[in-house]
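A.B. asks: have a look at this prediction, sequence included:
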Amino acid sequence: MSSVLARSGPFAHRNPRLYVLFTTLYNARAYYPVLAVFFIDLGLTAEQFVFLNVMWAVAIFTLEVPSGALADTLGRKKLLVFSSCVMVVEMGILLVAPKDGGALLFGLCILNRVLSGTSEAAASGADEAIAYDALPEEGREAAWDDVMSAAMRWRAVAFFVTMILGGLLYDPEGFAWIGIHIPAEISHRLPIALVFLQAVACVIITLRLEETPHASGDFRKRCAAAFRLTLATAKKAFTTRSVAAVIVGGMLIDSVARNFATITSEYYRLILIPEWSFGLFGALSGVLGFFIPTIARKLNARFSPLGVLGIAAVLAIMALGLLAPAWPWFGLLPAMLLMTLLGLVGFTVNRHLHASAEPSQRATLLSVRGMAFNVGYGSFSLGFSILLAAMRKSVGEDAFRAALMWQLPAVAVMIALFFIWAAIGKRAARSAAS
């Protein structure tokens, strides 16, 4: 981490250094530990909240790959500045959304999620590509491992701080302990206000980035080139078995873990964790994430990408099995295990794709990955929403616990089928080579 501040190694170059700052402020958001309860306390139902996640996924699915192609043809810096500006707007909407506002509230929350998906789609791929291509070609892969490791550690520290702040700022009782009395309507918006300031900082950071080479000429021709690049890169990604297998395998594990990440606050309520401590346990997950880059590098040095994903899949199924009974307090352990798998999967998939990508297609290929991951996340969230609604009709108040129980066999079957497919394909490739 000190190398970023000292501007040494790969961080002697401006873009990798600013990338670490951008990805830290962009991703470590103080409302994460209270995300579900924030929307529910505003006046939405649990089903409406899960539907918002689906809308977010639809937006990012629609825009993910085109935005990556636009980054490769129009310029990565432009996309990142646009992403940061949209983040400012999406946070502003949540600051003014009326509590118990009925259809207006739901409409504004949908707009927030669509803008959030748009922002993330614009940033996805472009942020890594603008940093990666700024590194010298000699020793680039090793330097990029250093950049990814530093970025993950900075995010881990930032998550530690923002998770604590988010939980404490959200709960008015925390202020009451120190003699400050703030209405709940105000304290519930404070984590949002903090992220609004982070969004402003992201705008400033992206404006200081140095643009990387991209297509020049007529705007219309460059947009047409972006469309062709989108189709060509998507075709390459899903017809190259080694790339497709890593993307699909990572997507399966990521979708399960990310869906749970959006409902952690509801799960904490289920296992009788007090609201003021939500941020503390989110911060603890961030501390664990600090060590993930070292573990990920060692695992990737020893095993193939699919081997590492296999380890992550086994751990994910174990975590889901321990989550399902919703044991008070003990449920924190599998919850944190599942959350740390996001970092391991992300490191593994990104490392493999950067090694496989052509420089002119790098942001687009990373956006293909992002699109696949978000299709998986949106599909899983939609499935979980349907399951939750069905459980609410059949078991009533215990619906959330029942949904957690039923998702376990479904996930285990999907992951097993994927690795059977991957093993058959690998065996067929060996036979064709021999």
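C.D. replies: Good, I have the coordinates.
A.B. asks: could you report the neighbour count for the residue nearest to A355 when sequence neighbours are not counted?
C.D. replies: Closest residue to A355 apart from its sequence neighbours, by CB to CB, 6 or more residues apart in numbering: E141 at 6.3 Å. In this view, the C-beta of every residue, glycine as well, is placed from N, C-alpha and C. Using other CB atoms under 10 Å, E141 has 12 neighbouring residues.
A.B. asks: where's E141, which helix or strand?
C.D. replies: helix 140-170 (DSSP states H and E).
A.B. asks: tell me the buried residues in that helix?
C.D. replies: If you call a residue buried by 16 or more other CB atoms under 10 Å, then helix 140-170 has these buried ones: 140, 143-160, 162-170.
A.B. asks: helices or strands up against it?
C.D. replies: Here helix 140-170 touches helix 2-6, helix 14-27, helix 126-132, helix 190-207, helix 278-290, helix 292-302, helix 332-356, going by 3 or more CB pairs under 8 Å, 6 or more residues apart in numbering; DSSP states H and E.
A.B. asks: can you state the direction angle for it and helix 190-207?
C.D. replies: Counting by axes from the mean of the first three to the mean of the last three CA atoms, to 10 degrees, helix 140-170 lies at 150 degrees to helix 190-207.
A.B. asks: which parts of the stretch 1-150 of the chain are helices?
C.D. replies: Using DSSP state H, counting those that start in this stretch, the helices of the stretch 1-150 of the chain run over 2-6, 14-27, 35-42, 46-74, 76-96, 102-123, 126-132, 140-170.
A.B. asks: buried residues in the second one, which are they?
C.D. replies: Applying a neighbour-count criterion of 16+ other CB under 10 Å, the buried positions in helix 14-27 are 15-27.
A.B. asks: report all helices and strands that that helix contacts.
C.D. replies: Against helix 14-27 (3+ CB pairs under 8 Å, 6+ apart) you get helix 2-6, helix 76-96, helix 126-132, helix 140-170, helix 190-207.
A.B. asks: quick one: which of the ones you listed is nearest R369?
C.D. replies: The closest approach between R369 and any of the helices and strands packed on helix 14-27, judged by CB to CB, belongs to helix 126-132 at 10.2 Å.
A.B. asks: contacts for the closest one next, please.
C.D. replies: With CB atoms under 8 Å, 6 or more residues apart in numbering as the test, helix 126-132 has contacts from 15-16, 18-19, 22-23, 26, 67-68, 71-72, 76-77, 79-80, 83, 140, 144, 147, 209, 211-212, 350, 354, 362-363, 366.
A.B. asks: got the buried residues of helix 14-27 as CSV, with pLDDT columns?
C.D. replies: Output for these, formatted as CSV (pLDDT from 0 to 100):
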residue, pLDDT
N15, 89
P16, 89
R17, 91
L18, 93
Y19, 92
V20, 92
L21, 93
F22, 94
T23, 93
T24, 93
L25, 94
Y26, 93
N27, 90
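A.B. asks: dump stretch 144-152 to CSV, keeping only the CA atoms.
C.D. replies: What follows is stretch 144-152 as a C-alpha-only set of coordinates in CSV (Å, rounded to 0.1, in the frame of the first residue of the first chain):
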residue,chain,number,x,y,z
TRP,A,144,-0.5,-5.6,-12.9
ASP,A,145,-0.6,-8.2,-10.1
ASP,A,146,1.0,-5.5,-7.9
VAL,A,147,-1.6,-3.0,-8.9
MET,A,148,-4.5,-5.4,-8.3
SER,A,149,-3.1,-6.4,-5.0
ALA,A,150,-2.7,-2.8,-3.9
ALA,A,151,-6.2,-1.9,-5.1
MET,A,152,-7.8,-4.8,-3.2
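A.B. asks: pLDDT (mean, whole number) over that stretch?
C.D. replies: Stretch 144-152 comes out with an average pLDDT of 84.
A.B. asks: what would the helices and strands packed on helix 14-27 look like in JSON lines with distance to Y268?
C.D. replies: Output for those, formatted as JSON lines (distance: least, CB to CB, whole Å):
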{"stretch": "helix 2-6", "distance to Y268": "33"}
{"stretch": "helix 76-96", "distance to Y268": "21"}
{"stretch": "helix 126-132", "distance to Y268": "31"}
{"stretch": "helix 140-170", "distance to Y268": "10"}
{"stretch": "helix 190-207", "distance to Y268": "16"}
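A.B. asks: sounds good, over and out.
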